[in-house]
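Trainee: Just a sequence and a predicted model for now, questions to come.
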Amino acid sequence: MTLLADLFSAGEHRSLVRHACPYHPCPQCGEPVPECKDDCQSLLLQPADPVAPLDRADSLVARHVSFPEPARGDPEGLPVPTLFYRLGALREQSWSVTRLMSTVSVSIAGFVWQERKTTLWWAGLCVVSLLNVNLWLLAARVDLPMTEYRVRQLLLSSLYVAVCAFRSAFPRVDLERVCLWDTPLSAIFAGRSVATLAEICFAVQCTMFLSQLSAMTHVSYLDALSLWIVPVIVIAQCCCWYAVITLNPLGHAIEELLWTVIVALLTVGLISSWFHVHGALRIVISAGIVSCGGAVCVMSLIDAPMYIARWRQSRRGKYPYLSLMGGLTDTLTRRHATHSWIVWRHEVPWMTLYFSVAVWLSIGMTLLEYWHQR
């Protein structure tokens, strides 16, 4: 009875051997992972040693029961109780190994599925990029006079489309030095440089678009609004570079707020011109209003708060920031390649919209004269 009381004592599992839980308890709620009710399933818990319950059972049995040793020199001299106990222990140990292997298999399957989600998202970005290139080629072949506005817009848009396609193929997160592919093309400095070029091109496109729209609709203040776009975006790019070099998220937060202001001004300009246009151009401007309004919501409600929260976290953690020269060297040399969905899932919303809807707006601005004739 003492042996049974030890083996089935309070607080233990039903059986120390067969039903021993293969996981450590969750550090948040104290329950084993399969039973955990809190939002802590993403914690990387290590499986416990499957042999430990067996060792404990062996010690409990050895404390209460002693079996005689086999006769020296007699290979078949194992007593029946000892043979039975050792066979039972071997069987229980094999069950524990089986449970451990099944746990490892589930973990590997989950890891593979997480990587597959990242790969599928990246493949979708590449498909969208190919679609964008074809859309730009179709826009360039539209039968329109090659006016100064059209030539400049096509040139600026081609740079923006090409850079977005490049960044879709080699995505990266500048501040965290994370990339999808470990190649020199994924270097943080190279990616940020071409991104700066593309975003300034997009800002110039918006300036030309509002100025041309002002001439078509005779709304004079649209031309005045357009003059603010490029200077504000240049300041935003300086803030972005400051964040990338020093690892201070506050620069990204300011950049997002400046972009929000510019896109909001663009939305106001489109709404003002909507009342002065007709036909296909009104439909296109309506689509532009929806797109720009959605971008304002995403940047003001998701992107900017995300960077502000990261900045506050870095302040609480007292994380050291890099100097300008040290950070510049860091952007040239350091990067971490990963396919983990946990890392990339926070970047998926803005990257997906940036490399799709923003590119379509860039291509659409090249066709302003075409829509005005319809």
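Mentor: Received the coordinates, thanks. Numbers count the residues shown, from 1 in each chain.
Trainee: any idea which element Met216 lies in?
Mentor: Per DSSP states H and E, Met216 falls inside helix 188-217.
Trainee: I'd like to know which elements that helix is packed against.
Mentor: With contacts defined as 3 or more C-beta pairs under 8 Å, 6 or more residues apart in numbering; DSSP states H and E, helix 188-217 has these neighbours: helix 148-169, helix 220-226, helix 229-246, helix 249-274, helix 324-333, helix 357-365, helix 368-373. Bear in mind the C-beta positions are built from the backbone N, C-alpha and C, glycine included.
Trainee: quick one: pLDDT of the closest residue to Ser323 other than its chain neighbours?
Mentor: Leaving aside its chain neighbours, Ser323 sits nearest to Thr246 (7.5 Å; criterion: C-beta to C-beta, 6 or more residues apart in numbering). pLDDT for Thr246: 93.
Trainee: so where's the protein uncertain?
Mentor: Residue ranges of the chain with pLDDT under 70: 1-114.
Trainee: how is this protein carved up into domains?
Mentor: Domain ranges of the chain: 2-67+77-108, 115-373, per automatic domain parsing.
Trainee: Need the ones you listed in JSON lines (columns: mean neighbour count).
Mentor: Compiled in JSON lines, the domains of the chain are given as follows (neighbours: other C-beta atoms under 10 Å):
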{"stretch": "domain 2-67+77-108", "mean neighbour count": "13"}
{"stretch": "domain 115-373", "mean neighbour count": "17"}
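Trainee: Distance of Ile245 relative to Tyr319?
Mentor: Separation of Ile245 from Tyr319 (C-beta to C-beta, to the nearest Å): 15 Å.
Trainee: ignore the last one, Pro349
Mentor: Here Pro349 is placed at a distance of 25 Å from Tyr319 (C-beta to C-beta).
Trainee: How about Leu270?
Mentor: For Leu270 relative to Tyr319 (C-beta to C-beta), the value is 41 Å.
Trainee: what's the answer for Ala253, then?
Mentor: 15 Å.
Trainee: on that earlier part again, between the helices and strands packed on helix 188-217, which gets nearest to Ala187?
Mentor: Closest to Ala187 of the helices and strands packed on helix 188-217, according to C-beta to C-beta: helix 324-333, at 6.5 Å.
Trainee: So which elements touch the closest one?
Mentor: helix 188-217, helix 229-246.
Trainee: I'd like these written out as a markdown table, with distance to Ile302 added.
Mentor: Shown next, in a markdown table, are the helices and strands packed on helix 324-333 (distance: least, C-beta to C-beta, whole Å):
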| stretch | distance to Ile302 |
| --- | --- |
| helix 188-217 | 19 |
| helix 229-246 | 17 |
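Trainee: Go through these and name the closest to Trp371.
Mentor: That would be helix 188-217 among the helices and strands packed on helix 324-333, by C-beta to C-beta, at 10.0 Å.
Trainee: Tell me what angle that closest one forms with helix 148-169.
Mentor: Going by axes from the mean of the first three to the mean of the last three C-alpha atoms, to 10 degrees, helix 188-217 is angled at 150 degrees with respect to helix 148-169.
Trainee: before we move on, the earlier item: quick one: residues contacting the residue nearest to Ser323.
Mentor: 321-324, 327 (C-beta atoms under 8 Å, 6 or more residues apart in numbering).
Trainee: how about 6 Å then?
Mentor: 321-322, 327 (C-beta atoms under 6 Å, 6 or more residues apart in numbering).
Trainee: His218: which of these is nearest?
Mentor: Closest to His218, out of all of the contacts of Thr246 and judged by C-beta to C-beta, is Gly327, at 48.6 Å.
Trainee: Quick one: residues contacting the closest one.
Mentor: With C-beta under 6 Å, 6+ apart, Gly327 has these contacts: 245-246.
Trainee: And the one 3 residues further on, by the same measure?
Mentor: For Asp330, the residues meeting the contact criterion (C-beta under 6 Å, 6+ apart) are Leu322.
Trainee: rerun at 8 Å
Mentor: Contacts of Asp330 (C-beta under 8 Å, 6+ apart): 177, 188, 245, 322.
Trainee: State the distance from it to Gln153.
Mentor: For Asp330 relative to Gln153 (C-beta to C-beta), the value is 37 Å.
Trainee: And Leu353, by the same measure?
Mentor: In terms of C-beta to C-beta, Leu353 sits 22 Å off from Gln153.
Trainee: now Ser340
Mentor: On the measure of C-beta to C-beta, Ser340 and Gln153 end up 39 Å apart.
Trainee: got it, and Met146?
Mentor: Using C-beta to C-beta, we find Met146 at a distance of 11 Å from Gln153.
Trainee: Met299 against Val263, yeah?
Mentor: Yes - between Met299 and Val263 a contact is recorded at 7.1 Å, counting by C-beta atoms under 8 Å.
Trainee: Restrict stretch 256-270 to CA atoms and write it as PDB.
Mentor: This file holds the C-alpha atoms of stretch 256-270, laid out as PDB (Å, rounded to 0.1, in the frame of the first residue of the first chain):
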ATOM      1  CA  GLU A 256       4.600  57.700 -41.300                       C
ATOM      2  CA  LEU A 257       2.900  60.800 -39.900                       C
ATOM      3  CA  LEU A 258       4.400  62.900 -42.700                       C
ATOM      4  CA  TRP A 259       3.200  60.500 -45.300                       C
ATOM      5  CA  THR A 260      -0.200  60.500 -43.700                       C
ATOM      6  CA  VAL A 261      -0.400  64.300 -44.000                       C
ATOM      7  CA  ILE A 262       0.700  64.200 -47.700                       C
ATOM      8  CA  VAL A 263      -1.800  61.400 -48.600                       C
ATOM      9  CA  ALA A 264      -4.500  63.200 -46.700                       C
ATOM     10  CA  LEU A 265      -3.800  66.400 -48.700                       C
ATOM     11  CA  LEU A 266      -3.900  64.300 -51.900                       C
ATOM     12  CA  THR A 267      -7.300  62.900 -50.800                       C
ATOM     13  CA  VAL A 268      -8.600  66.400 -50.200                       C
ATOM     14  CA  GLY A 269      -7.400  67.500 -53.700                       C
ATOM     15  CA  LEU A 270      -9.100  64.500 -55.300                       C
END
